[in-house]
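Engineer: Let me see the structure of the following:
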Amino acid sequence: MLSHIDPFRRRSVALALYRMLTGHKYDICVVTESIRAAGLDHDRQAIAALRLHHCEHYAEMPPGFHADLASQTLALFAGRPVLGDGFLKDLAATAGLRPEDAPSIQRLVTATAEA
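Structural biologist: Sure, this is the predicted structure:
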């Protein structure tokens, strides 16, 4: 997903996105700075849709929306929708974290609701 950028920037972007997506709230600043660090053009309408959820706590989102938000965020970097249960594991591995510790999409929704 981020293979076109140097190893430090790739790891920095992956770590920032992973921490934000598995944290407690959505932060569009992390997304826009990650796009800038990756040297990517961005879809202004996609960013506008994501910006609507800036600082929104995942626990306050409807069921499944957190996973949709994560998928759409990562689509900015992959150039296509990111689907399936492995995208957080891939992001964790790129960040230098243990991919086996990354939550599944189903757990992501439950974990943030419990926080």
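Engineer: where along the chain do the helices fall?
Structural biologist: According to DSSP state H, the chain carries its helices in the segments 7-21, 28-38, 44-51, 65-78, 87-95, 105-114.
Engineer: gap between the fifth one and the chain center?
Structural biologist: Average the C-alpha atoms of helix 87-95, do the same for its chain, and the two points are 10 Å apart (CA atoms, centre = their mean, to the nearest Å).
Engineer: quick check: mean pLDDT across it?
Structural biologist: Summarised as a single mean, pLDDT over helix 87-95 is 89.
Engineer: what's the answer for the second one, then?
Structural biologist: Per-residue pLDDT over helix 28-38 has a mean of 96.
Engineer: burial of residue 59, as a residue count?
Structural biologist: Using other CB atoms under 10 Å, residue 59 has 14 other residues around it. Backbone N, C-alpha and C define where each C-beta goes, glycine included.
Engineer: now it: how far from residue 86?
Structural biologist: Relative to residue 86, residue 59 is positioned 24 Å away (CB to CB, to the nearest Å).
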